[in-house]
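K.L.:
Build the 3D model from these lines:
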Amino acid sequence: MGEDRVRVRIADNGVATATMVRSDKHNALDQAMFEALVAAAEQLAGDPKVRAVVLHGEGKSFCSGLDVASFMGGQRGTSVLLDRDEGRAANLAQRVSYDWSLVPAPVIAAIHGNCFGGGLQIALGADIRIAAPDAKLSIMEIKWGLIPDMGITQALPRLLPIDVAKELTFTGRIVSGSEGTELGLVTRTAEDPLAAALELADEIATKSPDAIRAAKLLYNETWLSNDPAAALDRESVLQTGLIGSPNQIAAVVAGMSGEKPVFVDPV
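P.N.:
As a prediction, this is how the structure comes out:
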């Protein structure tokens, strides 16, 4: 099923691409897409060869949001999305966004066309967002009398002031990729966001994967921390694990010699 909705490819340099492939529906989220996105994130999270991930949509859009019509024929409708496996913090709907934060390698979302509702929340689950200037983004759930509930509470507070988040949520208004950058929803814009995302991923893949993964973990765990002592201690613990490791030594040798480093995959 995963191949029907999300195509995963891993290049020799460790850069993975996860492509939503429901282009005839602007990559709208039916149950198969939910399940495929979760499976793709799990696959990439468990692969030590992966050094960066580019997440994007095939066709005219990144993802146009929930395909409500696809759930209408089922006995449970959209309530199936609220299922939460025992021991997991997130339900199925939330995992398509939240699980990208559990991928140890950085995840870069390349956004073009429509990025609405659940589609935007998927993009917010990535570490970095590169959007076309004319991409269309919206926290659109208010249009349907709903709140955004696909992991947005774990992503938006790190990006926007609460008043801006409320304005976008209360109105559901559509912003361009350019305005999204000004607001903080988008990291930066590029005329070809996929090419820009792949270029960035290639650059990240040349760095020590141990340090990259530790940096992502550090920021994810401490960015909004109100416990300075715990955050500072986490810095020290993660740094101690890196100092003297094979990949850290390889980085030092390369930095001093000017030669290209050769890193081993994380254990």
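K.L.:
Please, which helix or strand holds A123?
P.N.:
In this structure, A123 is located in helix 118-124 according to DSSP states H and E.
K.L.:
burial count for I139?
P.N.:
By other CB atoms under 10 Å, the residues close to I139 number 27. Every C-beta, even on glycine, is put in place using the N, C-alpha and C of the backbone.
K.L.:
Ignore what I typed, I meant S97.
P.N.:
26.
K.L.:
quick one, what contacts it?
P.N.:
118, 121-122, 124-125, 150-152, 154-155 (CB atoms under 8 Å, 6 or more residues apart in numbering).
K.L.:
let's see it at 6 Å
P.N.:
By CB atoms under 6 Å, 6 or more residues apart in numbering, S97 lies in contact with 121-122, 125, 150-151.
K.L.:
quick one: contacts of the helix holding A123?
P.N.:
29, 62-66, 96-97, 109, 111, 115, 129, 137, 150-152, 155.
K.L.:
can you tell me which of these are in strands?
P.N.:
109, 111, 115, 129, 137 (DSSP state E).
K.L.:
Isn't the second one up against A135?
P.N.:
Which is I111. Yes. Using CB atoms under 6 Å, I111 is in contact with A135, at 5.0 Å.
K.L.:
hang on, the earlier thing: can you tell me the average pLDDT over the helix holding A123?
P.N.:
Here helix 118-124 scores 97 as its mean pLDDT.
K.L.:
what's the spacing between it and its chain's center?
P.N.:
Averaging C-alpha positions (CA atoms, centre = their mean, to the nearest Å) puts helix 118-124 8 Å from its chain's average.
K.L.:
Could you number the chain from 12 rather than 1 from now on?
P.N.:
From this message on, residue numbering opens at 12, which makes the last subject helix 129-135.
K.L.:
Report how many residues lie close to N24.
P.N.:
12.
K.L.:
Low-confidence stretches in the stretch 62-211 of the chain?
P.N.:
Counting by pLDDT under 70, the stretch 62-211 of the chain shows low-confidence ranges at 84-89.
K.L.:
can you pull out the strands in it?
P.N.:
Per DSSP state E, counting those that start in this stretch, the stretch 62-211 of the chain carries strands over the ranges 63-68, 118-122, 125-127, 139-142, 147-149, 186-187, 199-200.
K.L.:
got the angle between the longest one and strand 118-122?
P.N.:
Counting by axes from the mean of the first three to the mean of the last three CA atoms, to 10 degrees, strand 63-68 lies at 30 degrees to strand 118-122.
K.L.:
Show me how far strand 63-68 is from its chain's centre.
P.N.:
For strand 63-68, the distance to the chain centre is 8 Å (CA atoms, centre = their mean).
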